[in-house]
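*Asks:* When you get a sec, could you give me coordinates for this:
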Amino acid sequence: MHLLTEISRMAGTKIQAAEHPVVEIFDDPYQFTIPRYQRPYAWTTEQAGEMFDDLLAASQAKDSLSESDPYFLGSIVLVKAEKHPRAEVVDGQQRLTTLTVLLSVLRDYVSPGFAASLEKRIFQEGDPVKGTADQPRLRLKDQDQGFFEKYIQERAGNDLLSGLQDVRPDSRLRLVENALLFKSRLSALPSADRERLVSFIYGYTYLVVVATADFESAYRIFSVLNERGLDLTHTDILKSEIIGKIPEADQDAYTNKWSHEEDDLGRSDFGDLFSHIRMVYAKTKARESILKEFRASVLHRVPDGKKFIDDVLVPFSDAFEVVTRASYAGGPGAEEINRLLGWLKQLDNTDWVPPAISYFSRPTADSAALLRFLVDLERLAASMLVRRVDITRRVERYGRVLDWMEKDHDLYSAESPLQLSGEEQAETLAKLGAEIYTVTRIRLYVLLRLDSALSDGGAGYDGYPLISVEHVLPQSPAVGSGWTSTFTAQERAYWVHRLANLVLLSRRKNSQASNLEFEAKKTKYFEKTSWPPFVLTSQVLATDGWTPAVLEERQEILLKVLSDLWRLDAAAS
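*Replies:* Sure, this is the predicted structure:
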């Protein structure tokens, strides 16, 4: 198989990769365990029913079972040392679990000889000579294994399934629903068809088993096997590693703590949180995988799992929730704190998040301290946006801020990396005075920030489904229009994309209306925006004419507003 050839050639990795019939997979060479980082069992009756129907159809496709073609159920990826049976399932838990459910149910629908054989595929019989004990061949995650063994793997438990249809959590409900589905389908089949199905599953149904001794190799292999990428995340893997080192008596409590934080944030945001925690500790741009860097930067410094969860994960997760959802409710100034967080969220990057969550996680940070910090953080972030600072220099700057915070230096001294130097202030103001419109990623942020400042910070923009930037002086005025007589070609080229000539509209731009004469544009276009209008736009409506002199005066006023907002004093002086 080309796929197995590709996998086996992965440099530096010893891999076992081959097709095996189910009868060899549910046997002594394998003791399957579903590790903690895996998501719960999730196959629904639709997926389980499809697998059953496909297996049944394949088992009956030929007149004689011996003529049957091999049927492939897909691949499973394992972390498994050679010649050792213990196998952690990286991929394939849904298929292996559903197969176990099917084999367990089949015991009640076949003859005693078939049932005894099925029992051996579900439970390994202990052998004192080999040093093996009686045990299930497949163990689910700890929270589900007791239920799985009692009601699915143990034959007597199958009789109790019909009374468990309201069981929770969902992983257990799926097990019950799929077992009952198989019971219904099997009860409708003749006895001969059931036993033929067992024989077909044993000898003609194959899985591609890919095994390697370390997890990271298995992780890479899965990426080759599955075009959709790994269903696991780095947080699943770290969870297994971190909680696995906690004393067993405390593992359930800390698993619950971890799950609570993940549920609060959601799986995607929880994954992002770990990247930001890595930055808080590493203070540099990531150059390798998040797993490797997190272990080196964070877990190397906080190796104790309980301490990591209590002192790092929980406070940073709580801070991340507040910061990314602008949901601070800690006292006076909360409204302004959330407003500043809202502005930071509108930036085109999230590199500001690590210093924010680091500061918000401080138990001594009251609302006054948080507000002062956010004012300067937004000022720094906005300046780097306007100055078009690249990601490498941006992350390096935030890394220095984090370093000052960790060392408890004064963040508000002139030398602090949180503050703008005189040169940075001057460059920021110069960029604001240049052609703002031509830089797509910054123009809307600057104009909204300006509009808010003109309204004394009270304006809110969440109610607008669409906000667009419009030129008052058109980009391409019609030949012979009033615009061409009021502005020379050189004046038009200078002013058209600058701050003074730009306004905000709460709807899409209209290319035909854009070229209207000034008075017509005011009444037919700008006035028809939704109410209340933007302050920037209202100012234009209150202006009698649009000339180079008006623009020059307006530019000076608007730049002064931004200079005051972001304290660009050194530049203005």
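*Asks:* and Glu427, how many residues sit next to it?
*Replies:* For Glu427, the neighbour count with other CB atoms under 10 Å is 18. From N, CA and C alone the C-beta is placed, and that goes for glycine too.
*Asks:* The one 4 residues further on now?
*Replies:* For Lys431, the number of neighbouring residues by other CB under 10 Å comes to 18.
*Asks:* Find the nearest non-adjacent residue to it, please.
*Replies:* Excluding the flanking residues, the one nearest Lys431 by CB to CB, 6 or more residues apart in numbering is Val386, at 4.8 Å.
*Asks:* any idea how far Leu444 is from the one you found?
*Replies:* 12 Å (CB to CB, to the nearest Å).
*Asks:* more neighbours, those two?
*Replies:* Higher neighbour count among Val386 and Leu444: Val386, with 22 against 18, using other CB under 10 Å.
*Asks:* follow-up on the earlier one: list the residues that contact the residue nearest to Lys431.
*Replies:* Counting by CB atoms under 8 Å, 6 or more residues apart in numbering, Val386 touches 428, 431-432, 442, 446.
*Asks:* ok, 10 Å please
*Replies:* Contacts of Val386 were listed using CB atoms under 10 Å, 6 or more residues apart in numbering, and they are 427-432, 434, 436, 439, 442, 445-446, 562, 566.
*Asks:* How about Pro477?
*Replies:* By CB under 10 Å, 6+ apart, Pro477 lies in contact with 471, 483-487, 492, 496, 514-517.
*Asks:* Check Asp193 too.
*Replies:* Each residue near Asp193 by CB under 10 Å, 6+ apart is listed here: 56, 59-60, 109, 186.
*Asks:* re the thing from before, when you compare pLDDT across the contacts of Val386, which one is lowest?
*Replies:* Lowest pLDDT of those: Val439, 83.
*Asks:* mind listing what it touches?
*Replies:* 385-386, 388, 431, 446, 497.
*Asks:* how about low-confidence regions in the protein?
*Replies:* Scanning the chain for pLDDT under 70 picks out 1-17, 37, 130, 132, 215-232, 457-460, 462-465, 507-513, 525-533, 570-573.
*Asks:* So what does Ala365 have for phi and psi?
*Replies:* With angles defined as degrees, to the nearest 10, Ala365 sits at phi -80, psi 110.
*Asks:* where's it relative to Lys283, distance?
*Replies:* Distance, Ala365 to Lys283, using CB to CB: 20 Å.
*Asks:* Just give the number of residues close to Gln31.
*Replies:* Residues near Gln31, counting by other CB under 10 Å: 17.
*Asks:* Enumerate every residue touching the nearest residue to it once chain neighbours are set aside.
*Replies:* In space, and not counting its chain neighbours, Gln31 is closest to Pro85: 4.4 Å by CB to CB, 6+ apart. Pro85 sits next to 27-32, 124, 132, 137 when contact means CB under 10 Å, 6+ apart.
*Asks:* can these go into a markdown table with extra columns for secondary structure and distance to Arg174?
*Replies:* Converted to a markdown table, the contacts of Pro85 look like this (DSSP: H, G, I helix; E, B strand; the rest coil; distance: CB to CB, whole Å):
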| residue | secondary structure | distance to Arg174 |
| --- | --- | --- |
| Asp27 | coil | 26 |
| Asp28 | coil | 28 |
| Pro29 | coil | 28 |
| Tyr30 | coil | 23 |
| Gln31 | strand | 23 |
| Phe32 | strand | 18 |
| Gln124 | strand | 25 |
| Thr132 | strand | 30 |
| Arg137 | coil | 20 |
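*Asks:* can you name the two of these that are farthest apart?
*Replies:* Greatest spacing in the contacts of Pro85, by CB to CB: Phe32 and Thr132 (14.6 Å).
*Asks:* where exactly do the helices run in the stretch 101-250 of the chain?
*Replies:* 112-122, 142-148, 170-187, 191-204, 215-225, 234-244, 248-265 (DSSP state H, counting those that start in this stretch).
*Asks:* So for Gly49, which of these sits nearest?
*Replies:* Closest to Gly49 of these is helix 170-187 (CB to CB; 5.8 Å).
*Asks:* Quick check: buried residues in the closest one?
*Replies:* 171-183, 185-186 (16 or more other CB atoms under 10 Å).
*Asks:* got it, and stretch 346-363?
*Replies:* For stretch 346-363, by 16+ other CB under 10 Å, it's 347, 351-361.
*Asks:* now the helices for the stretch 401-550 of the chain?
*Replies:* In the stretch 401-550 of the chain, the segments counted as helices under DSSP H, counting those that start in this stretch are 422-433, 440-454, 482-486, 489-495, 518-524, 535-541, 548-565.
*Asks:* Throw the ones you listed into TSV and include distance to Met405, thanks.
*Replies:* Formatted as TSV, those follow (distance: least, CB to CB, whole Å):
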stretch	distance to Met405
helix 422-433	20
helix 440-454	25
helix 482-486	52
helix 489-495	43
helix 518-524	49
helix 535-541	36
helix 548-565	24
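*Asks:* Fine by me, we can end here.
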